[in-house]
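# one predicted model, sequence on top.
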Number of protein chains: 2
Amino acid sequence: MQSTHLREHNLSAILRALAAAGGPISRAGLAAATGLTKPTVSKQVEELIDGGLIAEGTPVSMGAGRPMVPLRLAEGTLAAIGLEVTADHLSCLALDLGGRVLVRRDSEAPLAQEEPSRAVEQGAALVREVLAELGALPVAGLVVAVPGRIAPDDGRVLSAPNLTWENVPYVRELVAVLEEPSFPVSAQNDNRLSVLTELDARPGGSFLYVRGSTGVGGAVVLGGEVLDGAHGWAGEFGHTVVVPDGELCRCGRRGCLEAYISRHSLAQRAGLDPDVRLEDLVDRLAASRDRAEVIGVIGRSLGLAVANALNVLDLETVVLSGYLAPIAEEITPVVRETVQRHALAAEAGPIAIDRADSLADPALHGAARAALAPVFADPGAWMARGR
Amino acid sequence: MQSTHLREHNLSAILRALAAAGGPISRAGLAAATGLTKPTVSKQVEELIDGGLIAEGTPVSMGAGRPMVPLRLAEGTLAAIGLEVTADHLSCLALDLGGRVLVRRDSEAPLAQEEPSRAVEQGAALVREVLAELGALPVAGLVVAVPGRIAPDDGRVLSAPNLTWENVPYVRELVAVLEEPSFPVSAQNDNRLSVLTELDARPGGSFLYVRGSTGVGGAVVLGGEVLDGAHGWAGEFGHTVVVPDGELCRCGRRGCLEAYISRHSLAQRAGLDPDVRLEDLVDRLAASRDRAEVIGVIGRSLGLAVANALNVLDLETVVLSGYLAPIAEEITPVVRETVQRHALAAEAGPIAIDRADSLADPALHGAARAALAPVFADPGAWMARGR
DNA sequence: GCTCTTAGTAAGTTTCCGTAACTAATCTAT
DNA sequence: ATAGATTAGTTACGGAAACTTACTAAGAGC
C-alpha cells in the first residue's frame, strides 16, 4: 500500500464509522471507533465538513467535561439515485448521504408487454423528472434494480423472465438517452440490492437473505459484505434442488425450490389464478382452504434449502423478505423445525430465523444506497471531483 | 489505519508476493508485483534478509541489463510444526518458511481404542522428538490437525467420531505436557487444513473443496481465503440433504450426503467389511462387481450436493480430494452431468471439476503451513520476537 | 470559586514512502 | 574492443500522513 492511499483509507474509515454509529457522534468518539488519534480525526473531519459530507451540530453536554460537538452525515448536499424496474411499474428515488429521501417518482406501466426500449424511455423520463427536482445538487450515481441476472462485466441484463428480457443492454441505452450524464450508471439484481437495505439494520452482520418475489432469490452476507461469486449470483438459490426428480420448474429442471414456492406454484397449489398479483397472493392464501398444506409445503421445502445452504456457509441467521416476510410468523415454525433437523450449525445453538425489517421497496432503497457506496468508499475522490 | 501499520502491511505484502511468485524473483519484480517502488522494496527486503526470512542467491543474468539478484524464502532458518492425529496413527512434520521438509516423525497407534490422554502423551512425545531434531531452530508455532469439530474460541475438540472423542481439550493438555512451549499451539479441523495444501497450487483461487475420508468434509475458498463461518465449519457439507427422508445417516438424520458416500456406506454398498481401511477401499471398489452402481450413487449424490452448494456460492471450480481423488476420473463424468443439470452457474460456462494435486498427507502439510501463517501475516512481529 | 473531567486544537517530531538521479553489471551492435 | 542500450539496485532528498505532547475550552460537582 502506498502512503497516499493511507489518507484515503482513513477518510473512508471515518465516514463509515460515522454512518455505523447510527446517530450523532463526537470527534473523540470517532477516534475511539477508528483507533486513530484525536488530532488525526479532527483534521480529516475538517476536510469532510469542507467537502460537504459531514455536518456539525450545536454542542451537547454529556455529563462531566467539555460538551461534544455532534457530527452527522450531511443532509441534502448530494444525491444518489435508485431506479427500480418491475413488470408493472417504475420507481425512482433520490437519497442524500444520510439516507434521507429527497425525491421520489413512480410510473405505472405494464412493461412486460412492451419492448425493452419503452422501459428505457420511461426510465429515462422518470430519472429526468427526479434530476429536475434535484436542481443543481451533485449526483453521486444511478443504480438500476432489475429483476433478473446481470452480466458482472458490462452490466447487460442477461435475462429477466418477468420482463421477458433477454440480453438487453439497459444501462448502455439509458446512458445514451440521458445524453452522457455526469454520474456513473450501473445495474444490479434486485435481490442483491434489497439486502443492502437489510444490511442497514444489521451492520457488519452475517446472514442468509431469502427473498420471495415472482421467483425466489436471495443473497449471502458475510461480515457486512454481500458475497458476489463468479458471476454475481451468489445466494440465488431459487434453483436449489429440494426434491430430486421432483416437480418441473419453469427453468426446465426438476425439483427446484422455485417449483414449490414461486408465485405460480403457490397460486396453483392454492387453487388461484397463476397470474395473481403478488400483493394479493398472501391474502388469498390466507383465505384458501388449503392453508395448512400450503404453509407446510413452503416451510418444508424452504427449510430444506436453507438448511443445506447453512451447512455450506455455517451461518446462524436467516432473514426472510419479500412475500415471505408477511407470512414469516406462520411459516417460521415449519422452517425452523426443518432447519433444526438438517442443519449442522443447529447443534451449536439455535438458528435465528428473522423477518426482514419491512421497509417498503427495499430494492429501490438498496439501489439508491448502492449509488452512494462510491462516496463512502473514497470520499476524497468525491470531494475532489471536477478538479 | 495507523501509520505504524503501513510498514507491517507492506512487509507482509512483500513476503507474500515472494511466496506467490513460486520461484526466485528480483527486488524489481517484487516492486512490480506489489505496486511499491524499488527503494521501498529494497529497504524492506534488507530488513527481511536481516531477520532471516529471505535469502539472496547469486546474480543471474536475464538477457540485457544488469543481472537480477534472485530472492527466495529463507530455508532452514525457522520451523513450523504440524501434528496430525488420526484413528490409527500420529504424524509430526516440521517445515521451514520455504515449505521444505525439515523433520518428519510418525508413530503407529490405534488411538481410537484409547483414552484421549494417550493421544496427548504420544503426540507430545512425537513433538519432542521433532523439537530435539530441530535443535535451537526457532519455532513459529504448532498446529494440530484433528478429524473432528473444533471450538472456534478455545480450540477444544468438540467431537471427533473416529477417535471417539467428545469435548476433549487436546491443545490445553498438549501445552501442559510440553511444559509451556515458547510457541503458540492450536488445533484445526483436518479438512480445513488440507485445503491449505491445495491452496498452494491455486493461489488466490476460489473453489469448493470436497474431501472424502471417513466422513465427507470440505471447505469453501473465496479469493484465496478459507471461509470460516460462525463456528469454523463452513464447507462441511457431509450432512447436506440429498434425498429427503432418505437413508439413515450415522448422525441420526436422514438423507445426508454422508449416508450415501461415507466409508461405511460405500463399503456396505460394495458388500465389503464396513471397517475396511480407507486406503484399501478404492481398490476393493474397483474389484467389486457392483462398480457401476457404486460409481453412479457416488456421482449422483455428490453431484447434487455440489450443485446446490455452487448455486449458493456461485463458484466455477470444484476440487475433489481424499478418497475421491483417486476415483475422480471415474466419478467426474457422473458428477459433471449432475452438476451441469442442476447448477445455475453452469449456464454461464462449464464447471471445472478437478482432482486435488495429490500430495501425500495434505492435512499434515496444511497444519504445518497454518503454523507458518502468523509469520507471513506479520513478519515484523516475528523478527522482533524476544525483544 | 475551585477542581475534575472530557472535547478539541496546536506545534513539533517521527515514520514511511515516493521521486529523481545515480551507480552497477550485463548484453548488443558496430 | 568499445560505446551505447538496458535493466537492477542504491543513495539522497523531500513530502505526506499520522503520532506525541502539551495546551485551551467548557461544563459538572463540590
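Perfect, thanks for sending it. Nothing here was measured: the structure is a model prediction, and the numbers come from that model. Numbering: from 1, shown residues only, chains lettered A, B, ... in the order given.
# wait, a strand at A:E84?
Yes - counting by DSSP: H, G, I helix; E, B strand; the rest coil, A:E84 falls inside a strand.
# burial check on it, number of neighbours?
Summarising burial for A:E84: neighbours were counted as other CB atoms under 10 Å in any protein chain shown, giving 27. All C-beta atoms are positioned from the backbone trio N, CA, C, and that covers glycine.
# ok, now A:H365?
As a burial measure, A:H365 scores 24 neighbours (other CB under 10 Å).
# chain center to the helix or strand encompassing it, what's the gap?
Following DSSP states H and E, one finds A:H365 within helix A:362-377. On the basis of CA atoms, centre = their mean, to the nearest Å, helix A:362-377 sits 8 Å off its chain's mean C-alpha point.
# do stretch A:315-329 as well
Here the centre of stretch A:315-329 is set off from its chain's centre by 15 Å, with CA atoms, centre = their mean.
# where in chain A is the helix or strand with the lowest mean pLDDT?
Least confident helix or strand of chain A, by mean pLDDT, DSSP states H and E, is helix A:278-287 with a mean of 70.
# the stretch 151-300 of chain A against chain B: which residues are in contact?
Proximity of the stretch 151-300 of chain A to chain B is confined to A:206, A:220, A:222, A:227-237, A:239-244, A:253 under the rule CB under 8 Å from any CB of the partner chain.
# now, those residues that are in helices?
Among these, DSSP state H puts none in helices.
# the residues you listed in strands, which ones?
Here DSSP state E is the test, and these give A:V220, A:L222 as lying in strands.
# so which bits of the stretch 1-150 of chain A are right by DNA strand D?
Contact residues, the stretch 1-150 of chain A versus DNA strand D (CB under 7 Å from any atom of the strand): A:3-4, A:6-7, A:9-10, A:35-40, A:43-44, A:59, A:61, A:63-67.
# just these that are near chain B?
Filtering these for proximity to chain B by CB under 8 Å from any CB leaves A:S3, A:L6, A:H9, A:N10, A:G35, A:L36.
# tell me the buried residues within these.
Buried residues within those, counting neighbours by 16 or more other CB atoms under 10 Å in any protein chain shown: A:L6, A:N10, A:L36.
# so which pair among the ones next to chain B among the residues of the stretch 1-150 of chain A next to DNA strand D is furthest apart in space?
Taking CB to CB as the measure, those span a maximum distance of 18.1 Å, between A:S3 and A:G35.
# how close does A:S159 sit to B:K38?
Separation of A:S159 from B:K38 (CB to CB, to the nearest Å) stands at 49 Å.
# oh sorry, the question was meant for A:P350
56 Å.
# ok, now A:L6?
20 Å.
# and the helix holding A:H365, what does it pack onto?
For helix A:362-377, the packing partners by 3 or more CB pairs under 8 Å, 6 or more residues apart in numbering or on different chains; DSSP states H and E come out as helix A:3-21, strand A:79-85, strand A:89-95, strand A:139-146, helix A:190-201, helix A:379-383.
# buried sites along the top helix by length along chain A?
The residue-count maximum for a helix in chain A (DSSP H) belongs to helix A:291-313. By neighbour count on 16+ other CB under 10 Å, the buried set for helix A:291-313 is A:294-295, A:297-313.
# from the contact counts, what lies against it?
Counting contacts by 3+ CB pairs under 8 Å, 6+ apart, helix A:291-313 packs against strand A:207-212, strand A:216-222, helix A:258-261, helix A:263-269, helix A:328-342, helix B:291-313.
# where does A:E75 sit: helix, strand or coil?
coil.
# might one say that it is in contact with A:G98?
Yes - taking contacts as CB atoms under 8 Å, A:E75 lies within contact range of A:G98: 4.8 Å.
# pull up the overlap in contacts between these two.
Common contacts of A:E75 and A:G98 (CB atoms under 8 Å, 6 or more residues apart in numbering or on different chains): none found.
# and these two? Which one has more around it.
More crowded of A:E75 and A:G98, by other CB under 10 Å: A:G98, with 17 against 13.
# quick check, pLDDT for the nearest residue to the more buried one once chain neighbours are set aside.
If the residues on either side of it in the chain are set aside, A:G98 comes closest to A:L73, at 3.9 Å by CB to CB, 6 or more residues apart in numbering or on different chains. Among the per-residue scores, A:L73 holds a pLDDT of 97.
# wait, A:L73 sits on A:G57?
No - counting by CB under 8 Å, A:L73 sits too far from A:G57 to count as a contact (11.7 Å).
# comparing those two, which residue is more hemmed in?
The neighbour comparison of A:L73 against A:G57 (other CB under 10 Å) goes to A:L73, with 21 against 11.
# if I pick the more buried one, what's in contact with it?
A:L15, A:L18, A:A19, A:L53, A:I54, A:A55, A:D96, A:L97, A:G98, A:G99.
# ok, the second one touching A:L30?
Meaning A:L18. Yes - judged on CB under 8 Å, A:L18 makes contact with A:L30 at a distance of 6.5 Å.
# overlap of the contact sets of those two?
The contact sets of A:L18 and A:L30 overlap at A:L71 (CB under 8 Å, 6+ apart).
# about what we covered before: PyMOL command to pick out the buried ones of the contacts of A:L73?
Filtering these down to the buried ones (16+ other CB under 10 Å) takes a single PyMOL command:
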select buried, chain A and resi 15+18+19+53+54+55+96+97+98
